[in-house]
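> pasted the sequence and its predicted model underneath.
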Amino acid sequence: MNESLVIVGTQFGDEGKGKMTDFYAADADVIVRSQGGDNAGHTIVFDGDKYALHLIPSGIFRKGKINVLANGMVINPKTLIDELGLIKKAGIEDPSLWISDRAHVIMLYHIVMDGLSERIRSGKPIGTTKKGIGPTYRDKVDRIGIRMGDLLDKGRLNDKISMALNYHNRVLEAFGEEPFSASELTERFFAYGQTLKPYIKDTAKLLDERMKIGEKVLFEGAQGTMLCIEHGTYPYVTSSSPTAASVPLAAGVSPQSISSVLGITKAYSTRVGEGVFPTEFDDDVARKIREKGHEYGTTTKRPRRIGWLDTVILNHAKRINGLNYLAVTLLDVLSGLDEVRICTHYRHGGRTIDYVPSSIERFYACEPVYETWPGWDEDISSCTSYEDLPDNCKIYLNRIEQLTDLKIALFSVGADRKQTVVLKNIF
Ligand code: IMP
């Protein structure tokens, strides 16, 4: 049995990682989120209630577990305080939450800058979530970022904000935006720091101690491999690396401490925002999938673009993340279709290729090559085993395993915790 499990998205985000994290959290001692910020959104459904979280790991609803926001994250403290209020209403009065003092803070100017960055892209916006993610990571790399630990010391915070505003205010004014006052921001963010103080810690050190005594750790990915700043569809990506490879760095744990990696894939594909999406289609079938799968962004409410399952992308994610297993989500959404398609290759310039091109221009020029399989009519949302599935659905799952050479450890047939069918115990 493994001691740590990484959950990663294999597609463009929104694969249902939140539900899977919530599921495995039952067996974990500690649940860690290591990158991204409130651009992510997780919907968890249990006992008839639905909770949408953007920052706090999905393990928070399991009693007695420690939930960590690690150093690689960018945190909007106001969103975090609101989420703490939400989970309090759900009966979690005193959550075991650790927030890394090294995590970077999303400041108000980062949110304005996010909009500006989109404006200067000459009509080619990324379609960001406008949460300030990119500008916050930009300041981190530029070494003018504010870290969660800075919120606890008013003098230090004021100095750092003043330094950052030396740059940001000039840019904002040049674009006709209002400049920010260092003293007002200091007051506001120091107050956030006071509310969050009990949770702000050196999480990497504490995590190491927990791992040394054999506690089980679940790492919850946000976004998906195709949105990775290194291996995604650059520049139509997020500003962090949502891969298993990034977890040790972004959580401050040793690379050797990762035992196993589970890749989450939808039974089809979706994408929000701009960027290449080879298997995208937009007809009545796509609309049916969008409605049935509630394919609207948790964070921005934007309708998601719909596509068939793409195993070229799955195999790319397998290689980058070192996937050991797959989990297939939203399988129930495909019920009632005459046929289902799987992309196995791309055609590019008269050649057939089986990899994701590094150049976005080449990727746009790729045509998907499909296999078409018969669909199934049966409602599978109450299936509790593989044997319960209609034959054509079994064939579809088997074909995914063959094309990726990965075992499906579990699949999901509905949003509720209970609508999860385990095929192999991996944690
Ligand atoms: P940003 O992360 O807000 O900078 O947005 C960059 C791109 O990543 C945009 O296309 C977003 O729609 C996409 N994105 C960011 N977070 C998520 C997510 O959690 N799910 C799906 N797409 C996301």
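Right, received. Where do you want to start? Numbering: from 1, shown residues only.

> now the lengthiest strand in the chain: how far from the chain's centre is it?
For the chain, the strand with the greatest residue count under DSSP state E is strand 339-348. Distance, stretch centre to chain centre, for strand 339-348: 25 Å (Cα atoms, centre = their mean, to the nearest Å).

> can you check stretch 315-330 too?
Remark: stretch 315-330 is offset 14 Å from the chain centroid, using Cα atoms, centre = their mean.

> buried ones in it?
315-318, 320-330 (16 or more other Cβ atoms under 10 Å). Yep, even glycine has a C-beta here, placed from its N, CA and C like the rest.

> what's the distance between the nearest residue to residue 71 once chain neighbours are set aside and residue 28?
Spatial nearest neighbour of residue 71, excluding adjacent residues (Cβ to Cβ, 6 or more residues apart in numbering): residue 102 at 3.8 Å. Counting by Cβ to Cβ, to the nearest Å, the gap from residue 102 to residue 28 is 22 Å.

> and the strands in the stretch 1-150 of the chain?
Taking DSSP state E, counting those that start in this stretch as the criterion, the stretch 1-150 of the chain carries its strands at 4-9, 30-33, 42-46, 49-53, 66-69, 74-75, 97-100, 104-105.

> if you average the pLDDT over the fifth one, what comes out?
What that stands for is strand 66-69. When pLDDT is averaged along strand 66-69, the result is 97.

> might one say that residue 51 is in contact with residue 41?
No: look at residue 51 against residue 41 with Cβ atoms under 8 Å: they stay out of range, at 10.8 Å.

> enumerate every residue touching the residue of the chain found nearest the ligand.
Residue of the chain nearest the ligand, by Cβ to the nearest ligand atom: residue 273 (2.2 Å). Residue 273 is in contact with 126-129, 236, 302, counting by Cβ atoms under 8 Å, 6 or more residues apart in numbering.

> which phi and psi values does it adopt?
Phi and psi for residue 273, reported as degrees, to the nearest 10, are phi 90, psi -180.

> tell me how many other residues crowd the nearest residue to residue 224 once chain neighbours are set aside.
Of all residues not flanking residue 224 in the chain, residue 9 sits nearest, at 3.0 Å (Cβ to Cβ, 6+ apart). When neighbours are counted by other Cβ atoms under 10 Å, residue 9 registers 28.

> for burial, what's the neighbour tally of residue 355?
Residues near residue 355, counting by other Cβ under 10 Å: 11.

> do residue 142 as well
Look at residue 142: counted by other Cβ under 10 Å, it has 11 neighbours.

> just list whatever residues bridge to the closest residue to residue 310 other than its chain neighbours.
The spatially closest residue to residue 310, leaving aside those adjacent along the chain, is residue 343, at 4.3 Å (Cβ to Cβ, 6+ apart). Per DSSP bridges, the residues bridged to residue 343 are residue 310, residue 370.

> how many neighbours does residue 343 have?
23.

> and if you look at the one 5 residues further on?
For residue 348, the neighbour count with other Cβ under 10 Å is 14.

> what about it, distance to residue 180?
Using Cβ to Cβ, residue 348 is found at 47 Å from residue 180.

> cool, and residue 34?
The value you get for residue 34 to residue 180, if Cβ to Cβ is used, is 29 Å.
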